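K.L.:
Can you look at this prediction? I've put the sequence above it.
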Amino acid sequence: MPGQIIIETINSEVLRDNPLGDPFERRVPVYLPPGYANDQPRYPTVYLLTGFTGRGTLMINDATFDESIQERLDRLIAAGDIAPLIVVMPDAFTRYGGSQYLNSSATGRYEDHLIHEVIPYIDHHFHTRPEANFRAIAGKSSGGFGALVQAMRHPHLFGVVACHSGDMAFDYCYQPDFVKFINAAARNGINSAESLRDWLAGFSPKMHPKPPAFFDVLHMAAMSACYSPNPAAPTGFDLPFDFHTGKLRPEVWQRWLAHDPLVMIEQPEHRAALRQMRLIYLDCGNQDEYALHLGARQFSQRLTELAMPHHYEEFDGGHRSTQFRYDASLKAISRIFSE
């Protein structure tokens, strides 16, 4: 007997007046395990966060060469590899491509949406075990970043965290994209904060044809909107480098680094939060195109130095087409829930 996907529409008050005019109604897929409708036990919950440019509904898509999340979960449960659980797939997409699951005056209050709206809604409408020890947060890429950051910020809500190829070691994973942005901006006639503002105002995720090298512009604009918002700036955010020379702007870059998990772990409150986790699961491809394996190695090494138990694993591969790694994290999460 297969599980089922229910798509809930959550009307978000915290996103209602978001500065980008993105929808405040969010469609959130919820996976319910086989037998959910036939009995009423309470199930542990996994909040599964998509990467940049994704949202929860992406995970339920039918794909010819991969499994949807429902197919994956049904297979794992049928084989006895994981116990039945509920999986929630939030939507934190913005017209810039994503929110990093953070609050920002430039994009909206997406952390508040997850913490104060989605979780209470799910616990109210479904048979969950609402204790932190039975609530996990997991994700890949920006979703892995979001999972790790939210676990560090909200240990009263999450007792288990799994980070697949999450953004960290910002010097490695973001600075190489500064040059890409500068070159792409020039191709699009963007030479000032004002012209970037106008370009972003005219851009739509659904537009075709898209501007040349649009992703190289959009990605850096999106990250700046998340990490260095500034309501006084023409765009609503500050870039961490000079438009023309690429020279680092240290005061802005420090605002970015405050969000780097490798910096966050040095804060006592975040260390204390990680010590509360029943499981810290990390993995990354050993050829990650964004050098995220280097950040993952550093984070794992720091956990070891701090005597924090965790699971770290590298697999042969890069950053893309790695959904198969959910098998490993879901098995590890289920084992912890079963203890």
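P.N.:
Ah, there it is.

K.L.:
Distance from the chain centre to stretch 232-240, please.
P.N.:
23 Å (CA atoms, centre = their mean, to the nearest Å).

K.L.:
how far does it stretch from start to finish?
P.N.:
15 Å (CA to CA, to the nearest Å).

K.L.:
And for it, what's in contact with it?
P.N.:
Residues outside stretch 232-240 that contact it (CB atoms under 8 Å, 6 or more residues apart in numbering): 19, 104-106, 178, 181, 193-194, 196-197, 200, 220-221, 224-225, 227-230, 248-249, 252-253, 255-256. In this view, the C-beta of every residue, glycine as well, is placed from N, C-alpha and C.

K.L.:
In ChimeraX, how would I select just the buried ones from the residues you listed?
P.N.:
In ChimeraX syntax, the buried subset of the contacts of stretch 232-240 is picked out as below (16 or more other CB atoms under 10 Å):
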select :104,106,178,181,193,196,197,200,220,221,224,225,227,228,229,230,252,253,255,256
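
K.L.:
which residues sit in contact with the residue nearest the centre of the chain?
P.N.:
For the chain, residue 143 is the residue whose C-alpha lies nearest the centre (CA atoms, centre = their mean; 1.9 Å). Residues in contact with residue 143 (CB under 8 Å, 6+ apart) are 48, 49, 50, 51, 54, 101, 164, 166.

K.L.:
May I see these organised as TSV, with neighbour count added?
P.N.:
Conversion of those to TSV gives the following (neighbours: other CB atoms under 10 Å):
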residue	neighbour count
48	26
49	31
50	24
51	22
54	21
101	25
164	28
166	29
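
K.L.:
which residues of the chain score low on pLDDT?
P.N.:
Scanning the chain for pLDDT under 70 picks out the ranges 38.

K.L.:
Ramachandran coordinates for residue 334?
P.N.:
With angles defined as degrees, to the nearest 10, residue 334 sits at phi -60, psi -40.

K.L.:
Provide the secondary structure category for the closest residue to it other than its chain neighbours.
P.N.:
Spatial nearest neighbour of residue 334, excluding adjacent residues (CB to CB, 6 or more residues apart in numbering): residue 82 at 3.7 Å. Three-state assignment for residue 82 (DSSP: H, G, I helix; E, B strand; the rest coil): coil.

K.L.:
Count the neighbours of residue 82 for me.
P.N.:
23 (other CB atoms under 10 Å).

K.L.:
Out of the contacts of residue 143, which is nearest to residue 286?
P.N.:
Closest approach to residue 286 among the contacts of residue 143 (CB to CB): residue 164, at 13.4 Å.

K.L.:
surely that closest one meets residue 284?
P.N.:
Yes - in this structure, residue 164 is within contact of residue 284 by CB atoms under 8 Å, at 7.2 Å.

K.L.:
on that earlier part again, so of the contacts of stretch 232-240, which ones are in helices?
P.N.:
Judged by DSSP state H, helices contain the following of the contacts of stretch 232-240: 178, 181, 193-194, 196-197, 200, 220-221, 224-225, 227, 252-253, 255-256.

K.L.:
just the strands in the stretch 101-250 of the chain please.
P.N.:
103-104, 108-109, 135-140, 160-164 (DSSP state E, counting those that start in this stretch).

K.L.:
which helices and strands does the last one pack with?
P.N.:
Helices and strands touching strand 160-164, as assessed by 3 or more CB pairs under 8 Å, 6 or more residues apart in numbering; DSSP states H and E, comprise strand 135-140, helix 142-153, strand 279-285, helix 326-338.
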